[in-house]
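**Q** Got a sequence here, can you build the structure:
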Amino acid sequence: MELLLNLATKAEKLLKYYYKRGLIKYIRRLFIGSGYNSTLRTKIIKCMHESLIGGHSWNLGTYQTMKIYFFLPGMKRKIKLLVQSCDIYKTSKSENCKYPRLLCLLPVPEQAWQHVSMDFIDELPKSIGAEVIMIVINKCTKYGHFISLSSYYYFISLSS
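**A** From the prediction side, this is the model:
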């Protein structure tokens, strides 16, 4: 409302703003100022980000499509916050940033069979009385043992 009064009184300073058909425009874009409800501004940004035009694109991509139609004060910052909170964007797009720290090497085992990893393959069709395979891998030599077990309950008792 304040901008509307300024348009009427100080038209020479606000040349880029104009009032047409009940809407305030800024360089042919719809102006959505702070006088509007903040949830309305958030809904507009969200619709642009999630629409076919926006396509859950990144911050600058959403900003580029949004600035064609709308002008909001602080639009880049608001778009960045909304895009960072978008679940679909988080899961489908990867961020291009450095790792937070250097990766640490795992300790190398000194002897064979000092460190082992174990896994089970279950729900196999029964073959020669066995329906579960226990896999034991030596982490030093990468040698593996594959042991067939007769039932699912047998490997549960082994694991405990």
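
**Q** Check the gap between residue 74 and residue 41 for me.
**A** Going from residue 74 to residue 41 by C-beta to C-beta, to the nearest Å gives 10 Å. C-betas here are computed from N, CA, C, even on glycine.

**Q** State the helix or strand in which residue 83 lies.
**A** Element membership for residue 83 (DSSP states H and E) is helix 75-84.

**Q** Just give me the neighbour total for residue 61.
**A** The local packing of residue 61 (other C-beta atoms under 10 Å) involves 15 other residues.

**Q** Which secondary structure element is home to it?
**A** helix 59-69.

**Q** tell me the angle that helix makes with helix 75-84.
**A** Helix 59-69 runs at 130 degrees relative to helix 75-84, counting by axes from the mean of the first three to the mean of the last three C-alpha atoms, to 10 degrees.

**Q** Show me what helix 59-69 is packed up against.
**A** strand 29-31, helix 38-50, helix 75-84 (3 or more C-beta pairs under 8 Å, 6 or more residues apart in numbering; DSSP states H and E).

**Q** Quick check: phi and psi on the residue of the chain most remote from its centre?
**A** What lies farthest from the middle of the chain is residue 128; by C-alpha atoms, centre = their mean that is 48.1 Å. Phi and psi for residue 128, reported as degrees, to the nearest 10, are phi 50, psi 40.

**Q** tell me the pLDDT at it?
**A** For residue 128, the model assigns a pLDDT of 84.
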